[in-house]
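# predicted model, plus sequence, below.
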Amino acid sequence: MNLFVFGPGYTALQFIRTYRNRFACVSGTFRSAMKAASLQNEGIVPYFFDAEEYDPDLLDEITTADALLISIPPATGLDPVLRTLSDAIASASRLRWIGYLSTIGVYGDADGGWVDETTPPNPANERSRERLTAEEQWLAIGDKTSIAIQIFRLAGIYGPGRNALAQVANGTARRIIKPGQVFNRIHSADIAQVLMASLERPSPGAIYNITDDEPAPPQDVITYAAHLLGFDPPPGIPFADADLSPMARSFYQDNKRVRNDRMKNDLGVRLRFPTYREGLEALHASGEGRHS
């Protein structure tokens with residue numbers, strides 16, 4: 001099986017590293033010479049691509065790909081891959097599966113209530129509205145081809161090198177407290193196993209929430225990470241007093257609890273890290289946060 005990845009960043013690379021032996025060839029896109037070199041070091045064949053231009057040899061890779069993974073965010077309201085390559089993708093005869101990495105942000109705010117894949121999306125900001133539009137554009141490709149389009153709505157991603165342990169250890173962690181606020185999370189290793197499970201049993205037009213089992217207040221995660229490291233947790237900061245970037249503040253507009261039953265039932269996935277506690281414990285055992 002040949003895999004082509006648009007935007008092989010943190011999450012996609014975890015997937016590739018975990019399941020590299022399942023693919024005959026893995027190719028991916030880059031925008032800088034440094035990224036091209038890093039992809040080559042990972043055994044990934046690099047091809048230049050951005051929203052305006054691309055390596056023409058990339059078209060040959062699409063025609064020989066069995067699966068595409070899309071991990072590039074929308075740009076100015078349009079999906080950059082579909083803007084330039086929709087015809088090539090729709091006509092690729094070997095292509096059987098396309099996975100699009102989206103976000104649970106498309107649901108918007110539920111005032112702390114539960115949502116699932118049957119909940120009508122109601123994005124609260126432009127970033128999430130663009131994601132929803134991109135989802136619809138990709139699903140439309142599936143409607144007119146035999147390609148199984150899969151939408152993965154990801155919760156807050158953490159994993160090796162990107163977690164509360166590292167933040168506590170390097171002094172950047174903050175316990176921002178907004179009463180009633182909760183977030184879902186997902187370990188990058190669990191995203192990887194979901195993607196492979198979907199590849200093994202594709203379902204045309206399927207949408208999956210990729211989240212853990214326990215929505216939790218963000219300050220609790222920081223407190224638990226500090227406990228594992230033997231540190232005192234940083235002091236709590238009321239949300240109203242927190243110095244946050246506009247993007248960081250926008251995440252707090254959405255307060256919801258996200259169900260993941262479809263992921264488990266349809267794909268047979270058993271989460272390795274069902275809550276942030278198991279995830280942080282495993283990362284701590286691997287040495288995370290001890291050498292920051």
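Arrived safely.
# what segments of the stretch 101-250 of the chain are helices?
126-143, 164-170, 188-200, 218-229, 246-251 (DSSP state H, counting those that start in this stretch).
# how about residues contacting the shortest one?
Outside of helix 246-251, the residues that reach it under the criterion Cβ atoms under 8 Å, 6 or more residues apart in numbering are 105, 124-125, 127, 183. Placement of C-beta: from N, CA and C, glycine included.
# got any ranges where the stretch 51-200 of the chain has weak pLDDT?
Along the stretch 51-200 of the chain, no part satisfies pLDDT under 70.
# mind running it again at 80?
Low-confidence segments of the stretch 51-200 of the chain, defined by pLDDT under 80: 51, 75-77.
# any idea how far Arg249 is from Ile237?
13 Å (Cβ to Cβ, to the nearest Å).
# those two: who's more crowded?
Ranked by neighbour count (other Cβ atoms under 10 Å), Arg249 and Ile237 place Ile237 first, with 16 against 13.
# would you agree Ala110 is in contact with Gln253?
No - between Ala110 and Gln253 there is no contact under Cβ atoms under 8 Å: 11.4 Å.
# how far away is the residue sitting furthest away from the middle of the chain from Arg185?
Distance to the chain centre peaks in the chain at Asp232, reaching 30.7 Å (criterion: Cα atoms, centre = their mean). As defined by Cβ to Cβ, Asp232 lies at a distance of 23 Å from Arg185.
# what's the answer for Phe23, then?
Taking Cβ to Cβ, one finds Phe23 at 28 Å from Arg185.
# what's the answer for Leu228, then?
Counting by Cβ to Cβ - Leu228 and Arg185 are separated by 16 Å.
# which one of the two is surrounded by more residues?
Using other Cβ under 10 Å as the criterion, Leu228 and Arg185 rank with Arg185 on top: 23 against 18.
# re the thing from before, wait, which of the contacts of helix 246-251 is closest to Met34?
Nearest to Met34 among the contacts of helix 246-251: Arg127, at 26.1 Å, using Cβ to Cβ.
# residues contacting the closest one?
73, 105, 247, 250.
# wait, the first one sits on Arg131?
Okay, so that is Pro73. Yes - counting by Cβ under 8 Å, Pro73 does reach Arg131; the two are 7.4 Å apart.
# make sure Gln181 is actually in contact with Asp220.
No - if you go by Cβ under 8 Å, Gln181 and Asp220 don't touch, sitting 10.6 Å apart.
# the protein: strands as residue ranges?
Remark: strands assigned in the chain by DSSP state E are 2-6, 25-30, 45-48, 67-70, 97-103, 114-115, 148-154, 156-158, 175-177, 185-187, 206-210, 236-238, 257-258.
# what's the angle from the fifth one to helix 188-200?
Angle of strand 97-103 versus helix 188-200, following axes from the mean of the first three to the mean of the last three Cα atoms, to 10 degrees, is 150 degrees.
# what does the second one give?
Using the same axes, to 10 degrees, the interaxial angle of strand 25-30 with respect to helix 188-200 works out to 120 degrees.
# against which helices or strands is strand 25-30 packed?
Packing partners of strand 25-30 (3 or more Cβ pairs under 8 Å, 6 or more residues apart in numbering; DSSP states H and E): strand 2-6, helix 10-19, helix 33-41, strand 45-48, helix 58-64.
# now stretch 73-88: buried residues?
For stretch 73-88, the neighbour count (16 or more other Cβ atoms under 10 Å) marks 74, 79-82, 84-85, 88 as buried.
# with stretch 28-36 instead?
For stretch 28-36, by 16+ other Cβ under 10 Å, it's 28-30, 35-36.
# residues contacting the residue positioned nearest the centre of the chain?
Nearest to the geometric centre of the chain sits Leu154, at 4.8 Å (Cα atoms, centre = their mean). Going by Cβ under 8 Å, 6+ apart, Leu154 touches 11, 101-104, 186, 191, 210-211.
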